[in-house]
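# got a predicted structure plus its sequence, pasted below:
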Amino acid sequence: MTVAYSCGHTEERKVYRTRQAGFLKSCLEERVCKACFRTLEEHDTFTSSRAIGLPMLSGTDKAVRWAYALRYKWIMGFIGLNPTLRGEAVDACGRRRSASWWIDHRYHLDDEMGSNVLETAAIPF
């Protein structure tokens, strides 16, 4: 079945349950394709990062896109748990401007960045 997404792209999809093909097609045609969705998601992460005052990252295009997502996810989670430390969290994240640093430390961001934020806020840990 050929699906014409709302973004204008088309895609050939396999349908295993033919009775539901019409419903599936109508649902998919209301959405944007996967590539456009990823582009919109990356744009939202970048725009939101800039809106809260985070600086640009350096590195390859692919690494920067990945690092923006990692950094934004971490800072929003941290601010959600500790809203009073928002400024300190933004400052601590701002000191790490290399995309490769965020990627290399992705499994230990809570340890690395959490101690940096508490250090910036002069809170003993």
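In hand now; what should we look at?
# which residue of the protein sits farthest from its center?
Distance from the C-alpha centroid of the chain peaks at Arg19, with 36.6 Å (C-alpha atoms, centre = their mean).
# on the three-state scheme, it is what?
What DSSP: H, G, I helix; E, B strand; the rest coil gives for Arg19 is helix.
# same thing with Arg96?
Per three-state DSSP, the local secondary structure of Arg96 is coil.
# hang on, it packs against Trp102?
Yes. The criterion here is C-beta atoms under 8 Å, and Arg96 meets it with Trp102 at 6.5 Å. All C-beta atoms are positioned from the backbone trio N, CA, C, and that covers glycine.
# now do the contacts for the residue farthest from the centre of the chain.
Contact analysis of Arg19 by C-beta atoms under 8 Å, 6 or more residues apart in numbering lists nothing.
# quick check: mean pLDDT of the helix ranked longest in the chain?
If you go by DSSP state H, the chain has its longest helix at helix 61-81. Mean pLDDT, computed over helix 61-81, is 87.
# low-confidence ranges in the chain?
Scanning the chain for pLDDT under 70 picks out 120-125.
# try 90
1-57, 61-62, 64-66, 68-69, 72-96, 108-125 (pLDDT under 90).
# where along it do the helices fall?
Under DSSP H, the chain gives helices at 21-29, 34-51, 61-81, 86-94, 99-104, 109-120.
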